[in-house]
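**Q** After the sequence you'll find the predicted model.
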Amino acid sequence: MKDQEERERKLQKAETAELRKAAKLHKEKIAEKKRVAREAAKVARKKEKAEKVAERTREKEARDAAKALQSAQKGKRKALQSSTQSNKRQKRVVDAVAAEEPSGAASATPLKTTRRGRNVKLPSKYK
């Protein structure tokens, strides 16, 4: 009877040890799968990040090229350019003589007016 109980106890111990080994192997396999999945995710994140950096670099280069092209087409600063439009936009001088003749006071020299319409009186030494 004692021998039989001893055998059963040994069998039970061997069985529990075998179950522990199987559980340990299963746990190690799961841990290995998780580790592989983490590595794959890490590689994918690194690849995606590199693609984003490359895309940003391409966009920046395109913007810089467009700016360089615009500045080349634009030419030099406006302050350095001669103003040709100011010469073109001269106002006509209004003749004041035509306005004074109907009143009856005709002067010997016709009065000149400025651009703003004011009369210019010549000094006596130039008359």
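**A** Perfect, I can see it now. Numbers count the residues shown, from 1 in each chain.
**Q** which residues of the protein score low on pLDDT?
**A** Within the chain, the stretches with pLDDT under 70 are 72, 74-110.
**Q** could you point out the longest helix in it?
**A** helix 2-74 (DSSP state H).
**Q** State the distance from Leu25 to Gln12.
**A** 20 Å (C-beta to C-beta, to the nearest Å). No exception for glycine: its C-beta is placed from N, CA and C like everyone else's.
**Q** How about the secondary structure of Leu122?
**A** coil (DSSP: H, G, I helix; E, B strand; the rest coil).
**Q** To what extent is it buried, counted in neighbours?
**A** 10 (other C-beta atoms under 10 Å).
**Q** which phi and psi does it have?
**A** Here is the backbone geometry of Leu122 (degrees, to the nearest 10): phi -80, psi 140.
**Q** Equivalent analysis for Lys112, please.
**A** According to degrees, to the nearest 10, Lys112 has phi -100, psi 150.
**Q** beta partners for it?
**A** According to DSSP bridges, the residues that bridge with Lys112 are Val120.
**Q** Compute the number of surrounding residues for it.
**A** 15.
**Q** now it: how far from Ala68?
**A** 52 Å.
**Q** Kindly report the same for Asp3.
**A** 97 Å.
**Q** Of the two, which one has the most company?
**A** Using other C-beta under 10 Å, the more surrounded residue of Asp3 and Ala68 is Ala68, with 10 against 7.
**Q** mind listing what the more buried one touches?
**A** The contact partners of Ala68, by C-beta atoms under 8 Å, 6 or more residues apart in numbering, come to none.
**Q** Can you give me the domain assignment for this structure?
**A** 2-79, 91-127 (automatic domain parsing).
**Q** How far does the longest one sit from its chain's centre?
**A** The reference is to domain 2-79. Distance, stretch centre to chain centre, for domain 2-79: 32 Å (C-alpha atoms, centre = their mean, to the nearest Å).
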